[in-house]
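Novice: with the sequence up front, the predicted model follows.
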Amino acid sequence: MTDPDASPEYSEIKHWLVINIPGNNLEEGRVMAAYRGSGPPLGTGKHRYIFIVYEQAAKIESDEQPIPNTSREGRRNFKVQAFAEKHNLGSPVAGNFYLAEYDDYVGEMQKQMAAAASS
């Protein structure tokens, strides 16, 4: 899941990435970026949050460490197209999106993330 509507200096933001999913068994895939819900900053309007599914022809080998949902490290400036090209994924086989904008919960979510990251 990605947010392509983040500020230009950060776009896209990687919110969730799972690779090497056997069949449709998501739980057995390798989580590269744990799910981090939407939280557009105040005053930035609506953001698209996009889910894209690719069929892998081969297992993706990666020595990158998974990103926990409490971390922003490694999430900014992610490019879905570049990732797909690097791993020879071809065209997406499915996708969906939703729109979200700032509400009072965003601040609460950020506090929870900060508390979890510091514990």
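Specialist: Alright, I've got the coordinates.
Novice: which of the residues in the longest helix seen in the chain are buried?
Specialist: In the chain, with assignment by DSSP state H, the single longest helix is helix 104-118. Going by neighbour count (16 or more other Cβ atoms under 10 Å), the buried part of helix 104-118 is 106, 113. C-beta coordinates here come from the backbone N, C-alpha and C atoms, glycine included.
Novice: ok, Val80 to Asp104 distance?
Specialist: Applying Cβ to Cβ, to the nearest Å, the value for Val80 to Asp104 is 30 Å.
Novice: got any ranges where the protein has weak pLDDT?
Specialist: Low-confidence regions of the chain, defined by pLDDT under 70, span residues 119.
Novice: can you give me the helices in it?
Specialist: Ranges of helices within the chain are 80-86, 104-118, based on DSSP H.
Novice: which other helices and strands does the first one contact?
Specialist: In other words, helix 80-86. Applying 3 or more Cβ pairs under 8 Å, 6 or more residues apart in numbering; DSSP states H and E, one finds that helix 80-86 makes contact with no other helix or strand.
Novice: report the distance from it to the chain centre.
Specialist: Offset of helix 80-86 from its chain centre (Cα atoms, centre = their mean, to the nearest Å): 14 Å.
Novice: CA atoms of that helix as CSV?
Specialist: Extracted in CSV, the C-alpha atoms of helix 80-86 (Å, rounded to 0.1, in the frame of the first residue of the first chain):
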residue,chain,number,x,y,z
VAL,A,80,6.2,1.2,-6.8
GLN,A,81,7.2,1.3,-10.5
ALA,A,82,10.9,1.1,-9.7
PHE,A,83,10.3,-1.8,-7.2
ALA,A,84,8.3,-3.6,-9.9
GLU,A,85,11.0,-3.1,-12.5
LYS,A,86,13.8,-4.1,-10.2
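Novice: with that, I have no additional questions.
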